[in-house]
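Q: what follows is a protein structure lacking sequence information:
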């Protein structure tokens, strides 16, 4: 099995960034040059509850890039937005990710305004960042889709279930043989894309 591509999605449900190398950490893939930037460390919330492409498909068009001490966000018809990681925000916000409580540090109203403008929403929309020094991550155990896989020390931050998502090209090719409308592997938002020759679903084992 060979690694074809590595991708980090710093903000939950927003665009991913292809990287040449990554650190594997407890919280997901991280940048080797700045381990403070890791997968799904940021999350957009509406009234404290996470937003996803299932509800707002336009989230997919928010494209982050990695810059010194933070992220740079670009989106259609919007000015570029810098998201600092140094210093971290101070305001602690109670949030929910898939109905599970989790804390985040809330960015200021200027950043909230950018998201409300992009989504054309009057609702309270905020960006939060996880701080592993202050907060406890969500357990990956007791998830209905993975009852016997996660161990008691496995956690996730703002991921759906697992801190790292691996998917093979062969699996998606096999799936497409049964679909009328073909999909791309990026629809699954994997962190690690692998190829294994001819055998689909080898990554399950």
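A: That came through fine. Since we're looking at a predicted model, the values are computed, not measured.

Q: what lies in contact with stretch 107-120?
A: Residues from elsewhere that reach stretch 107-120 (Cβ atoms under 8 Å, 6 or more residues apart in numbering): 44, 56, 58, 62, 73, 75, 78-79, 81, 83, 89, 122-129. Yep, even glycine has a C-beta here, placed from its N, CA and C like the rest.

Q: hmm, which helix or strand of the chain has the shakiest average pLDDT?
A: Ranked by mean pLDDT, DSSP states H and E, the weakest helix or strand in the chain is strand 138-139, scoring a mean of 87.

Q: distance between it and the chain's centre?
A: 15 Å (Cα atoms, centre = their mean, to the nearest Å).

Q: packing partners of that strand?
A: Contact partners of strand 138-139 among helices and strands, from 3 or more Cβ pairs under 8 Å, 6 or more residues apart in numbering; DSSP states H and E: strand 155-156.

Q: swap in 6 Å and give it another go.
A: Taking 3 or more Cβ pairs under 6 Å, 6 or more residues apart in numbering; DSSP states H and E as contact, there are no helices or strands that strand 138-139 lies on.

Q: list the pairing partners of it within its sheet, with orientation.
A: If you go by DSSP bridges, strand 138-139 pairs up with strand 155-156 (antiparallel).

Q: immediately after the partner strand, which helix or strand?
A: strand 166-168 (DSSP states H and E).

Q: of all the residues in that following strand, which ones are buried?
A: Residues of strand 166-168 classed as buried by neighbour count (16 or more other Cβ atoms under 10 Å): 167-168.

Q: kindly report the same for stretch 149-168.
A: For stretch 149-168, using 16+ other Cβ under 10 Å, the buried residues are 150, 154-165, 167-168.

Q: what do you get for stretch 174-194?
A: 185, 189-194.

Q: ok, now stretch 112-126?
A: 112, 114-116, 118-119, 125-126.

Q: circling back to that earlier point, just the buried residues out of the contacts of stretch 107-120, in PyMOL syntax.
A: Buried residues among those (16+ other Cβ under 10 Å), as a PyMOL selection:
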select buried, resi 44+56+62+73+75+81+83+89+125+126+127+128+129
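
Q: which of the contacts of stretch 107-120 fall within strands?
A: Among those, the members falling in strands (DSSP state E) are 44, 73, 81, 83, 125-129.

Q: that older thread, and which of the buried residues of stretch 174-194 is nearest to residue 17?
A: Ranked by distance to residue 17 (Cβ to Cβ), the buried residues of stretch 174-194 are led by residue 191 at 10.9 Å.

Q: for the nearest residue to residue 122 once chain neighbours are set aside, give me the pLDDT.
A: For residue 122, ignoring the flanking residues on the chain, the nearest one in space by Cβ to Cβ, 6 or more residues apart in numbering is residue 116 at 7.2 Å. For residue 116, the pLDDT comes out at 97.

Q: done for today, thanks.
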